[in-house]
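*Asks:* Here is my input, please return the structure:
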Amino acid sequence: MDDNNQIPEIQPATEQAVIGASTVCFISLIIIYCLSERAVERLGILWIEFLLYGIIPVTATFLYLYRSCWHPKITGAARTCAVLLLSCIILVGISFFIGFMLFFGFMIFHSFSDGFHP
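*Replies:* Numbers count the residues shown, from 1 in each chain. Reported below is the predicted structural model:
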């Protein structure tokens with residue numbers, strides 16, 4: 001076999017499911033935040049914000065993972081708990097990702113608008 005004609009690696013189905021679930025979580029979080037920001041601010045109750053911004057993305061991620069081919073050998077309550085745990089982990093990861101994006105965006109904006117002063 002010629003080393004120059006290597007076959008590109010194909011991602012496993014479980015990896016594709018996690019990447020798709022992360023995308024679903026990110027998009028649902030952004031959409032829910034944009035649609036309900038004003039209504040939730042008017043209420044002024046902090047736990048409702050956490051409930052709304054946490055439950056809907058986790059539910060969307062859970063449904064995506066549960067219907068996907070993520071570990072189909074696991075069945076019943078074990079699969080449900082594993083998918084729910086992975087959905088929560090994905091939400092935490094997406095939250096950190098959004099935080100880092102905002103932080104670096106503000107740093108870049110500040111360095112261009114005000115100049116860099118060490």
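
*Asks:* From here on, just use CA atoms for contacts and neighbour counts.
*Replies:* Noted.

*Asks:* Surely residue 66 touches residue 81?
*Replies:* No: using Cα atoms under 8 Å, residue 66 makes no contact with residue 81, being 10.4 Å away.

*Asks:* now the helix or strand where residue 104 lies, how far from the centre of its chain.
*Replies:* Taking DSSP states H and E as the criterion, residue 104 maps to helix 76-113. Distance, stretch centre to chain centre, for helix 76-113: 5 Å (Cα atoms, centre = their mean, to the nearest Å).

*Asks:* and what of stretch 61-69?
*Replies:* Centroid displacement of stretch 61-69 relative to its chain, using Cα atoms, centre = their mean, is 13 Å.

*Asks:* Need the three-state assignment for the nearest residue to residue 64 once chain neighbours are set aside.
*Replies:* Spatial nearest neighbour of residue 64, excluding adjacent residues (Cα to Cα, 6 or more residues apart in numbering): residue 21 at 6.0 Å. For residue 21, the assignment made with DSSP: H, G, I helix; E, B strand; the rest coil gives helix.
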